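Engineer: Here's my sequence, what's the structure:
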Amino acid sequence: MIRAQRYEPEALEEIYETYFDAVYGAVFARVGDHTVAEEVTGQAFLKALEGFPKYHHLPGGLHPWLQYLAARELRAHGWQPTPGRHPVHEVDEFRAALAELTPEQQEVLTMRFLVGMPVEEAAAGTGRRRGQVRALQHRALQALRRLLAAREAA
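Structural biologist: Residues are numbered from 1 along each chain as shown. This next block holds a predicted model:
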C-alpha cells in the first residue's frame, strides 16, 4: 500500500487488476446496468487514488474500502437498479428473499458472494472470526434456500 500511496504505476496497476472485477461485480449486482457499473467502478478507483495519501490500513484491508467508495458513489449520484437489463424476475425474487435475512446474514452473503471476498477478509471486515463467518454464511444460505423455495411454491 505504501507504494500505491507514492503513486508507483506498478502498485496502482496491481491494485486495479486485483480488485476491479470484485468491485464491478458488486456494483453491477446492485444496478443491473453494465454502463453504470463501469462508470461507478471507475469513479470509485478515482476516489481511491485521491484518498491514498490519507489512507490508513482498515480491518479487512483495501477491498472493503474500495467497496465502500463504490457504494458511496452510487448513493451520491442517486443511481438505482434498472429493471429489464437481466432476468428481472429472478433477480427481484432473490433481492426480496435476501432482504428478509438478518442484516448480519445479508452482509456476509454480500461480502462472500457478490463482492467475492475470501473468508479471512469477510471476517476482518465484520469483526468476526473465520469460523463465525462460515457458520453465519451457512445459516444464511439455508435461510435463503427456504425463502426462495417458499416463493417458488407460492
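Engineer: any idea how far the nearest residue in space to Gln132 that is not next to it in sequence lies from Gln43?
Structural biologist: Excluding its sequence neighbours, the residue lying closest to Gln132 (C-beta to C-beta, 6 or more residues apart in numbering) is Ala123, at 7.2 Å. Backbone N, C-alpha and C define where each C-beta goes, glycine included. Applying C-beta to C-beta, to the nearest Å, the value for Ala123 to Gln43 is 28 Å.
Engineer: helices or strands up against the helix or strand hosting Ala150?
Structural biologist: When elements are assigned from DSSP states H and E, Ala150 belongs to helix 130-153. Counting contacts by 3 or more C-beta pairs under 8 Å, 6 or more residues apart in numbering; DSSP states H and E, helix 130-153 is packed against helix 88-99, helix 103-109, helix 119-126.
Engineer: residue contacts, the residue nearest the centre of the chain?
Structural biologist: By C-alpha atoms, centre = their mean, the chain has its centre lying nearest to Val115, at 3.6 Å. By C-beta atoms under 8 Å, 6 or more residues apart in numbering, the residues touching Val115 are Ala22, Val23, Gly25, Ala26, His63, Gln67.
Engineer: Widest-spaced pair of the residues you listed?
Structural biologist: Gly25 and His63 (12.1 Å; C-beta to C-beta).
Engineer: Looking only at neighbour counts, state which of these two leads.
Structural biologist: His63 (23 against 16; other C-beta atoms under 10 Å).
Engineer: domains of this protein?
Structural biologist: Domain ranges of the chain: 2-76, 88-153, per automatic domain parsing.
Engineer: any chance of these in JSON lines, with mean pLDDT too?
Structural biologist: Shown next, in JSON lines, are those (pLDDT from 0 to 100):
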{"stretch": "domain 2-76", "mean pLDDT": "81"}
{"stretch": "domain 88-153", "mean pLDDT": "83"}
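Engineer: between the helix or strand hosting Tyr19 and helix 119-126, what angle do the directions make?
Structural biologist: Remark: Tyr19 resides in helix 9-31, with elements defined by DSSP H and E. Helix 9-31 and helix 119-126 meet at an angle of 80 degrees, taking axes from the mean of the first three to the mean of the last three C-alpha atoms, to 10 degrees as the criterion.
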